[in-house]
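>>> Predicted model, plus sequence, below.
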Amino acid sequence: MGAGLSLAIVAHLLLILAIAFGVNWRVREPAGIEAELWSAVPQAAAPRAAAPEPAPQPQPAPQVKPPPPPPKAEEPPPKPAPDPQIAIEKAKLEEQKKLDAKRLQDEQEQAKREKAKQEEAKREDAKREQAELDKQRAKEEQERKKLAAADAAKAAAARDAYLKRMQGGLAGATGAENSTGTAMQSSGPSATYAGRIIARILPNIIMTDAIDGDPKATVEVKVAPDGKIIGRRLLRSSGVAAWDDAVLRAIDRTDMLPRDVDGRVPPVMELTFNPKQVR
């Protein structure tokens, strides 16, 4: 529209200029023409009449000058014709804006698709983790059932063994219900006897040097029926010779061991000592 309007205005201006210069405008009065009249036969002229006195001319009325015409309003200057280059640049700018808007919309849609893809991946990971968790729980439940079945089988075997002992004349046995032995009474040391023996020997351990860590020395002790220590030997060294020697010397100083709750002393015992027991 801008280019077409500009061309139309320029064409009208050129047409007006062509008309103005092409027409021969008359601005002067035409020159007069004089002619002499001649008769065909010569004739004498009559005497000249006396000229009459001029009649008094009337005085012309004073002319009243008309008021001057009002000044013409200044016409606004004609608007300059729009520059076609400006219209082209404006069209390019509008096209660039459209392209930028489309690119922004495409980027937003791509970001939405990426976000949806990430959320879908998270959901898939959560499903896999839940499946692995369910699988692990099922495996643990199966293991628990196997252990429960094994415990039930052990309990059933223990009951069967107990019934067999009862049927074999072991009704007077002193073992517990879950005991699997076949003797009338237990002959091993009680559960607290080893602790009592170690508590008897520990006060006799004398160490002058500090020992790093927690080395453990295992000693075999042979005892007479009355509780007298008749022999000892190192089964497993602690790796610290000073500690091993201190334990052996402490056993030698102890000499006698207390009896168990049943009044007896086990003939052979394995005892383990470490520096933390002394501390």
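Nice, thanks for sending it over.
>>> Please make it C-alpha for all contacts and neighbour counts, starting now.
Noted.
>>> so where is the chain shaky, pLDDT-wise?
Along the chain, segments meeting pLDDT under 70 span 23-82, 162, 165-191, 278-279.
>>> The same query, at a cut-off of 50, please.
Across the chain, the ranges flagged by pLDDT under 50 are 169-174, 176, 182-186.
>>> Helices of that one, start to end?
2-22, 84-167, 193-201, 241-254, 275-278 (DSSP state H).
>>> Single out the most deeply packed of these.
Scoring the helices of the chain by mean neighbour count under mean count of other CA atoms under 10 Å gives helix 241-254 as the most buried, with a mean of 18.
>>> which other residues reach that helix?
Outside helix 241-254, the residues within contact range by CA atoms under 8 Å, 6 or more residues apart in numbering are 200-207, 211, 215, 217, 219, 229, 232-234, 237-238, 273.
>>> Just the CA coordinates for it, please, in CSV.
Only the C-alpha atoms of helix 241-254 are listed here, as CSV (Å, rounded to 0.1, in the frame of the first residue of the first chain):
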residue,chain,number,x,y,z
ALA,A,241,55.1,-62.0,72.6
ALA,A,242,54.9,-59.9,75.7
TRP,A,243,51.2,-60.5,76.0
ASP,A,244,51.5,-64.3,75.4
ASP,A,245,54.2,-64.6,78.2
ALA,A,246,52.2,-62.5,80.6
VAL,A,247,49.1,-64.8,80.2
LEU,A,248,51.2,-68.0,80.7
ARG,A,249,52.9,-66.5,83.8
ALA,A,250,49.4,-65.5,85.2
ILE,A,251,48.2,-69.2,84.8
ASP,A,252,51.3,-70.4,86.6
ARG,A,253,50.6,-68.0,89.5
THR,A,254,47.0,-69.1,89.7
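>>> circling back to that earlier point, among the helices of the chain, which comes closest to residue 261?
Relative to residue 261, the nearest member of those by CA to CA is helix 193-201, separated by 8.1 Å.
>>> Against which helices or strands is the closest one packed?
Contact partners of helix 193-201 among helices and strands, from 3 or more CA pairs under 8 Å, 6 or more residues apart in numbering; DSSP states H and E: helix 241-254, strand 268-273.
>>> Residue 107 is nearest to which of these?
Closest to residue 107 of the helices and strands packed on helix 193-201, according to CA to CA: strand 268-273, at 74.6 Å.
>>> now that closest one against helix 193-201, angle please.
Counting by axes from the mean of the first three to the mean of the last three CA atoms, to 10 degrees, strand 268-273 lies at 60 degrees to helix 193-201.
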